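>>> Could you look at this predicted model? Sequence included:
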Number of protein chains: 2
Amino acid sequence: MVARRGRRNGAEVPFDADNAPTAEMPAVTDADPVVRAKSIPEAAVARLAVYLRVLSAMAEQGSTTVASEELAAAAGVNSAKLRKDLSYLGSYGTRGVGYDVQVLVGQIERTLGLTRQHKVAVVGIGNLGHALANYGGFPGRGFPVEALFDVDADLMGVPVGGIPVSHLDDIPKVCAERGISIGVIATPPTAAQSVCDRLVAGGVQCILNFAPVVLQVPEHIEVRKVDLAVELQILSFHVARRADETKGSHPVGNGMVVR
Amino acid sequence: MVARRGRRNGAEVPFDADNAPTAEMPAVTDADPVVRAKSIPEAAVARLAVYLRVLSAMAEQGSTTVASEELAAAAGVNSAKLRKDLSYLGSYGTRGVGYDVQVLVGQIERTLGLTRQHKVAVVGIGNLGHALANYGGFPGRGFPVEALFDVDADLMGVPVGGIPVSHLDDIPKVCAERGISIGVIATPPTAAQSVCDRLVAGGVQCILNFAPVVLQVPEHIEVRKVDLAVELQILSFHVARRADETKGSHPVGNGMVVR
DNA sequence: ACATGTGAAATGGTTCACAGCT
DNA sequence: AGCTGTGAACCATTTCACATGT
């Protein structure tokens, strides 16, 4: 049987062709909100979000400029990496001085597409879904929760965090009507794939999946997974590895049986 | 022996052969226990957890053997990567045939350190903490929640998911007493660092952090972060990038294929 | 025939270290 | 004098492709 190649998240797009040797003059139109997302490494994108939070906190504290060394420490990365990451945005620092906090916040927001709103739908109003719905417009505006879904008849119409719960069957219709762009799946694993399909049918472009299943989606859909069990198991691995290492005092720990 | 899997996806309850010393993996134990665990790439570890879940589901459905192609499709990766990942465990496949599901489950469990228990403490019993506490022994036993903490006086002593809530101040003492090895932080960001410090003082080795802050920890502590805002912002980035691409800037015959 | 296991190549990401600007 | 921006070295991970074993 020919397994239908399932692609999941991590859709790394080709493109690039930039980085011409010594040719440095993209002459990027500043005010141009588009034309930017050239080829920022996936890994760097995740860190930009972290820098943004740290910078926002600094701005609140009154900082106006910050050096790569300082920002890096606060974000938990080394300064070379931070500078490299910021360089993907363009050159917004001042040599000998550092970066202007406000400018950086603005540039990162623009790059991450935070200048527009992304309406969110949460599916599965159990413990987790409830927590998510009450998060109320996730990270300070920008991600308003505009639709909630569940199967439980008792929840229909009941407002959670201000939004009335609708039925799973209405996902396509409601998502399309409200222009939902991000769907959050917080259902039991058995329902996840079907919910995913309906979200896609409703025009959702991205999915944040909390259910422990590997979703199959069309390739234009971006999926990110948050998996508690996987996280714990990774930690478990490290605990085990550490315990084993402790058994040996030399390079290649050669302890014996696992306990 | 043949682990009787929990139930269906009801909770993705995987494995854990209670005490494995007697089951299908004792023979291997004296061969080369965990020495190899030293060199498994971090990225592969995360995927092993996924394979494990898929394999558990397959075992429940009665599959006894599986080919890399099939398992890869179910796990959402390509077969070459899957085989490479499994090769880090040792050679447990049969050329021309595939892998024995049970054997693989056993080997992955052993490698991830799932043959021992990892007691978990959840700090911050708000919406999220509540959801986590009720998860009840996370991935089907193996990660029993044995302590809960919060600051709210009204919660002291109140049992949540069977465990009474203690005060944050008692984190070091209680964690040490109960032998907690994994701490889960589900508090507001302002409290996170202080909670983290107390968990470390209490002897926990790993921390799973849901609070949107970069924790500072001694280097022997393993920290993993689950950050909702970051996940959403990454998705936002992709939505924006896609929107920009659509604006069609270069009629390159490049199309927009991913892959 | 068929599917694993694995060197080797390719790709992606990180760190170094220093030229270049303020 | 100080700090950014970035080629180039370096390391990690993925993919290729085929020898190997059943």
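Here it is on my side, so go on.
>>> per-residue pLDDT, A:Arg4?
If you check A:Arg4, the pLDDT there is 34.
>>> now A:Ala133
Residue-level pLDDT assigned to A:Ala133 equals 88.
>>> Burial check on the nearest residue to it once chain neighbours are set aside, number of neighbours?
Excluding its sequence neighbours, the residue lying closest to A:Ala133 (CB to CB, 6 or more residues apart in numbering or on different chains) is A:Gly161, at 4.2 Å. Quick note: C-beta positions are derived from backbone N, CA and C, even for glycine. The number of residues packed near A:Gly161 is 17, by other CB atoms under 10 Å in any protein chain shown.
>>> Kindly report the same for the one 4 residues further on.
Around A:Val165 sit 22 other residues, with neighbours defined as other CB under 10 Å.
>>> Looks to me like it is in a strand.
Yes. Checked against DSSP: H, G, I helix; E, B strand; the rest coil, A:Val165 lies within a strand.
>>> name the element A:Glu69 belongs to?
Per DSSP states H and E: A:Glu69 is located in helix A:68-75.
>>> Show me what that helix is packed up against.
helix A:42-60, helix A:79-87, strand A:98-100 (3 or more CB pairs under 8 Å, 6 or more residues apart in numbering or on different chains; DSSP states H and E).
>>> After the second one, which helix or strand is next?
Scanning forward in sequence from helix A:79-87, with DSSP H and E defining helices and strands, the next element found is strand A:93-94.
>>> The shortest one now?
If you walk from strand A:98-100 toward the C-terminus, the next helix or strand you reach (DSSP H and E) is helix A:101-111.
>>> who touches the following helix or strand past that next one?
Counting by DSSP H and E, the next helix or strand C-terminal to helix A:101-111 is strand A:120-123. Applying CB atoms under 8 Å, 6 or more residues apart in numbering or on different chains, the contact partners of strand A:120-123 are A:129, A:132-133, A:138, A:143-150, A:168, A:171, A:174-175, A:178, A:180-187, A:195, A:199, A:202, A:204, B:232.
>>> Got a quick PyMOL command for the buried subset of those residues?
Per 16 or more other CB atoms under 10 Å in any protein chain shown, the buried members of these correspond to this PyMOL selection:
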select buried, (chain A and resi 129+132+133+138+143+145+146+147+148+149+150+168+171+174+175+180+181+182+183+184+185+186+187+195+199+202+204) or (chain B and resi 232)
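>>> out of the contacts of strand A:120-123, which are inside strands?
A:Val145, A:Glu146, A:Ala147, A:Leu148, A:Phe149, A:Asp150, A:Ile182, A:Gly183, A:Val184, A:Ile185 (DSSP state E).
>>> Next up, the contacts around A:His238.
So A:His238 contacts B:Gln205, B:Cys206, B:Glu222 (CB under 8 Å, 6+ apart).
>>> From A:Thr246, how far out is it?
13 Å (CB to CB, to the nearest Å).
>>> same thing with A:Arg198?
Between A:Arg198 and A:Thr246 the computed distance is 50 Å (CB to CB).
>>> and the residue of the stretch 151-259 of chain A nearest DNA strand D?
Residue nearest to DNA strand D within the stretch 151-259 of chain A: A:Ile234 (11.9 Å; CB to the nearest atom of the strand).
>>> Compute the distance from the centre of whatever helix or strand that residue lives in to the centre of its chain.
According to DSSP H and E, A:Ile234 maps onto helix A:228-247. Relative to its chain's centre, helix A:228-247 lies at 25 Å (CA atoms, centre = their mean, to the nearest Å).
>>> That one to helix B:101-111, inter-axis angle?
60 degrees (axes from the mean of the first three to the mean of the last three CA atoms, to 10 degrees).
>>> Surely A:Gly179 and A:Lys119 touch.
Yes. Assessed by CB atoms under 8 Å, A:Gly179 is found in contact with A:Lys119 at 5.7 Å.
>>> Settle it for me: which of the two has more neighbours?
Legend: neighbour count by other CB under 10 Å for A:Gly179 and A:Lys119, higher for A:Lys119 (17 against 14).
>>> got the contact list for the more buried one?
Neighbours of A:Lys119 in contact, by CB under 8 Å, 6+ apart: A:Phe143, A:Pro144, A:Glu146, A:Ala147, A:Arg178, A:Gly179, A:Ile180, A:Ser181, A:Ile182.
>>> would you turn those residues into JSON lines with pLDDT and distance to A:Gln216?
Below are these laid out as JSON lines (pLDDT from 0 to 100; distance: CB to CB, whole Å):
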{"residue": "A:Phe143", "pLDDT": "94", "distance to A:Gln216": "25"}
{"residue": "A:Pro144", "pLDDT": "93", "distance to A:Gln216": "28"}
{"residue": "A:Glu146", "pLDDT": "95", "distance to A:Gln216": "26"}
{"residue": "A:Ala147", "pLDDT": "97", "distance to A:Gln216": "23"}
{"residue": "A:Arg178", "pLDDT": "98", "distance to A:Gln216": "25"}
{"residue": "A:Gly179", "pLDDT": "97", "distance to A:Gln216": "25"}
{"residue": "A:Ile180", "pLDDT": "97", "distance to A:Gln216": "20"}
{"residue": "A:Ser181", "pLDDT": "96", "distance to A:Gln216": "20"}
{"residue": "A:Ile182", "pLDDT": "96", "distance to A:Gln216": "19"}
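>>> B:Met156: which of these is nearest?
The shortest approach to B:Met156 among these belongs to A:Phe143, at 34.1 Å (CB to CB).
>>> Could you measure from the closest one over to DNA strand D?
28 Å (CB to the nearest atom of the strand, to the nearest Å).
>>> Thought A:Ile180 was touching that residue, still the case?
No. The criterion here is CB under 8 Å, and A:Phe143 misses it with A:Ile180 at 11.0 Å.
>>> name the element A:Ile125 belongs to?
Applying DSSP H and E, one finds A:Ile125 in no helix or strand.
>>> cool, A:Thr190 as well?
With DSSP H and E as the criterion, A:Thr190 is inside helix A:189-201.
>>> angle of that helix against helix B:42-60?
Using the same axes, to 10 degrees: helix A:189-201 against helix B:42-60 is 110 degrees.
>>> What's the first helix or strand after helix A:189-201?
Remark: after helix A:189-201, the chain's next helix or strand is strand A:206-209, criterion DSSP H and E.
>>> does any bit of that following strand sit next to chain B?
Yes. Strand A:206-209 lies within reach of chain B by CB under 8 Å from any CB of the partner chain, at A:Cys206, A:Leu208.
>>> Quickly note the distance from the closest residue to A:Lys84 other than its chain neighbours to B:Pro218.
Leaving aside its sequence neighbours, A:Lys84 sits nearest to A:Ala44 (CB to CB, 6+ apart; 7.6 Å). According to CB to CB, A:Ala44 stands 27 Å off from B:Pro218.
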